[in-house]
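# Pasted the sequence and its predicted model underneath.
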Amino acid sequence: MTYSIIKLDKNTGTLGIAVASGSIAVATRVPWIKRGVGAIATQAYTNTMYGTEGLKLLEKGLNPSEALSRLLARDDEPEKRQVAIIDIMNRKAVHTGNLCPSWHGEVIGEDYIIIGNLITGEDVLLSAKKALVETRGGIVKKLISALVAGEKAGGDRRGNRSAGILIKGQINIYERIDNNSSPAQKLYNILKKKFDW
């Protein structure tokens, strides 16, 4: 249904999430960030409780693994969820339930997590990873380049329809495309114009 890239800029403490999906208005429910605390992407059969309550748990001092364990224990259908968490200390936790739509999986890097389900295959995540790591520039350009790379690699099996980017920290951004045939690319074009890359 969706793929997301979650990243921490360790130099500035800025957190960001970029997301694309075959569903409309994906950025209204998948990405959750609290500045100086953490970032959470909740997708597959999305349960926004992971975002709202997860950030509260991180703010109380739980690490991502502890927070995720508590959230999964509260969920009647945890095997339908895909969740990734990074906190401001760069600690990470990921859950991909067995009942998430195929293909599903995740890639965990030094300061990022990439997750996806109901995507065309692993190439979506690997292409996003390559762009994220190799793109020169700040967190905005890295995230949106990774999102576009995932879209070009196949994206959602149904075709991408919406995309969004949420960033909080040294820079604060919330931009979304709710219904478009190439939402990641359209979002890239908007941000490119705004930031004059």
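Alright, I've got the coordinates. Residues are numbered from 1 along each chain as shown.

# Now do the strands in the chain.
Under the criterion DSSP state E, the chain contains strands at 2-9, 14-21, 31-34, 38-44, 81-87, 92-96, 105-108, 112-117, 162-168, 173-177.

# Can you check what angle separates the fifth one from strand 92-96?
Compare the direction of strand 81-87 with that of strand 92-96 by axes from the mean of the first three to the mean of the last three CA atoms, to 10 degrees and you get 180 degrees.

# mind checking the end-to-end distance for stretch 129-140?
15 Å (CA to CA, to the nearest Å).

# what do you get for stretch 114-122?
11 Å.

# try stretch 105-113
Using CA to CA, the two ends of stretch 105-113 sit 11 Å apart.

# Could you report the neighbour count for residue 77?
11 (other CB atoms under 10 Å). C-beta here means a position set from N, CA and C on the backbone, and glycine is covered the same way.

# What of residue 9?
Neighbours around residue 9, by other CB under 10 Å: 19.

# Please apply the same query to residue 5.
Considering only other CB under 10 Å, residue 5 is surrounded by 32 other residues.

# from now on call the first residue 63
Sure, I'll start numbering at 63, so the last one becomes residue 67.

# my guess is it contacts residue 82, does it?
No - with contact defined as CB atoms under 8 Å, residue 67 does not count as touching residue 82 (9.3 Å).

# can you tell me which residues contact the closest residue to residue 226 other than its chain neighbours?
If the residues on either side of it in the chain are set aside, residue 226 comes closest to residue 89, at 2.3 Å by CB to CB, 6 or more residues apart in numbering. Under the criterion of CB atoms under 8 Å, 6 or more residues apart in numbering, the neighbours of residue 89 are 81, 224-228, 236, 238, 240.
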